[in-house]
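*Asks:* structure for the following, please:
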Amino acid sequence: NWHEDHAIVFSRARSHKTPTIWHGKLIRSLKLLGLLVFIVGDVIVAMHGYGSDISYVAHIFGFIFGFSAGFIITRDRFQETWEKILKIVFAVISVILLFLGVLWNIFGF
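*Replies:* This next block holds a predicted model:
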């Protein structure tokens, strides 16, 4: 959706008021900044493990699975061919990771 929202229109509760229009580039930039701050903060906390028993492998696979699931679920107003292909690829990766995770948990590789 990066190139689709050039202007974001917020309708008002009172019908006689004009809608508020925000520039889409600002909103996109703030979303990207928030995501980057979250990722950098999470990496810093992971690097300074503080002696905990956290499974980082599980978190890495959780990130990959969550990213691919988010990509699959996201709806585009204008879906291009490469997006359809990438959604299928991410669906296959998600199913494989889910299957491997269940096997790993059952058999304890």
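*Asks:* next SSE after the helix or strand hosting Ser29?
*Replies:* Secondary structure assigned from DSSP states H and E places Ser29 in helix 24-47. Beyond helix 24-47 in the direction of the C-terminus, DSSP H and E gives the next helix or strand as helix 56-73.
*Asks:* could you give the angle of that following helix to helix 24-47?
*Replies:* Compare the direction of helix 56-73 with that of helix 24-47 by axes from the mean of the first three to the mean of the last three Cα atoms, to 10 degrees and you get 160 degrees.
*Asks:* buried residues in helix 56-73?
*Replies:* Buried residues in helix 56-73, defined by neighbour count with 16 or more other Cβ atoms under 10 Å: 61, 65, 68-69, 71. (Glycine included, C-beta is placed from N, CA and C.)
*Asks:* low pLDDT regions in the protein?
*Replies:* Of all residues in the chain, those with pLDDT under 70 make up the ranges 1-9, 22-24, 49-57, 109.
*Asks:* and the residue lying farthest from the centre of it, how far from Phe10?
*Replies:* Distance to the chain centre peaks in the chain at His16, reaching 37.3 Å (criterion: Cα atoms, centre = their mean). Here the criterion is Cβ to Cβ, to the nearest Å. By it, His16 lies 15 Å from Phe10.
*Asks:* Leu26 now?
*Replies:* Leu26 is 13 Å from Phe10, where distance means Cβ to Cβ.
*Asks:* Val43 too?
*Replies:* 34 Å.
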